[in-house]
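Asker: Show me how the following folds:
(one chain, ligands or ions: 1)
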Amino acid sequence: MLLALENVGHRYGRDGDWLFRGLTIDFHPGEVYALTGPSGSGKSTLLSLLARRSRPREGAVRFTDIEKVSWVFQNPFGSPHRTALDHVALPILARGEKPASAEDEADELMSRFGLQSVAQRRFGDLSGGEAQRLMLARGLASRPSVLLIDEPTAQLDRRTAERVDSAIRAVADPRTIVIVATHDERTRAACTKQLDLGSPEGPDYP
Ligand SMILES: Nc1ncnc2c1ncn2[C@@H]1O[C@H](COP(=O)(O)OP(=O)(O)OP(=O)(O)O)[C@@H](O)[C@H]1O
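Answerer: The predicted structure is shown next:
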């Protein structure tokens, strides 16, 4: 499995400023990549290219054996009346697992993200940090080749954000390439590799 950028550059419009150019990097499963840079540096744009939602103006994004790309958005969303556990079990059932093994796998994911005690709580009653961690667990439950996470701590206070940062470490998975767009220095530090779109000398590579 390979996800790679080869000399990728992007700008909007024919005469727009280049957001980034010459990005070349291979992304590997098991790593958690922080994608950082100031507002407007192109983090969301690069996530869209990696999700195949748009194509780069120059260079190429290579997808080899990438079957599924999932997103975790900035604002957690779910079914307010369903339990937290259901949110994780459903994508496992959707993969075709039997109910008993879906339940075991969902339990394992809930404990991995410190959510055992809220497993039977309704989604609508979760705190912001719990809901955000649940989104990470749900993201992994669908077993994507690539998991894109957009600003996971933007809406959270500092203490809650710290628990999400430790969940960022838990999201590392040998089957999955994880890429986290973030402004947050602590979230960045929680990742295993860093890709900075905003450094004065141009992009920094891991
Ligand atoms: N569809 C579009 N058409 C024209 N310009 C766009 C489009 N999408 C984004 N831009 C511009 O491209 C630049 C980069 O936007 P992008 O959202 O990728 O940055 P970002 O680093 O994710 O910013 P933030 O941290 O504020 O979310 C911004 O100046 C934005 O206004």
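
Asker: now the helices: where do they sit in the protein?
Answerer: 43-50, 84-94, 99-112, 128-141, 158-170, 185-190 (DSSP state H).

Asker: so which of the ones you listed is the most packed in?
Answerer: Highest mean neighbour count of those: helix 128-141, a mean of 24 (counted as mean count of other CB atoms under 10 Å). To be clear about C-beta, it is placed using only N, CA and C from the backbone, and glycine gets the same treatment.

Asker: returning to that earlier point: out of the helices of the chain, flag the one nearest the ligand.
Answerer: helix 43-50 (3.4 Å; CB to the nearest ligand atom).

Asker: any bit of that closest one sitting next to the ligand?
Answerer: Yes. Counting by CB under 6 Å from any ligand atom, the ligand has neighbours in helix 43-50: K43, S44, T45.

Asker: For the first one, which non-adjacent residue is closest in space?
Answerer: When you say that, I think you mean K43. A181 (4.2 Å; CB to CB, 6 or more residues apart in numbering).

Asker: Check what pLDDT the one you found gets.
Answerer: Looking at A181, its pLDDT is 95.

Asker: just to revisit the earlier point, dump the helices of the chain to a markdown table, plus mean pLDDT.
Answerer: Compiled in a markdown table, those are given as follows (pLDDT from 0 to 100):
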| stretch | mean pLDDT |
| --- | --- |
| helix 43-50 | 96 |
| helix 84-94 | 97 |
| helix 99-112 | 95 |
| helix 128-141 | 95 |
| helix 158-170 | 85 |
| helix 185-190 | 90 |
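
Asker: As CSV, those helices with distance to W71 would be great.
Answerer: As requested, those are exported to CSV (distance: least, CB to CB, whole Å):
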stretch, distance to W71
helix 43-50, 8
helix 84-94, 13
helix 99-112, 17
helix 128-141, 8
helix 158-170, 15
helix 185-190, 16
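
Asker: who wins for proximity to F77 among those?
Answerer: Nearest of these to F77, taken as CB to CB: helix 128-141 at 8.1 Å.

Asker: so what does the closest one touch, helix or strand wise?
Answerer: When contacts are defined as 3 or more CB pairs under 8 Å, 6 or more residues apart in numbering; DSSP states H and E, helix 128-141 sits against strand 69-72, helix 84-94, helix 99-112, strand 146-150, helix 158-170.
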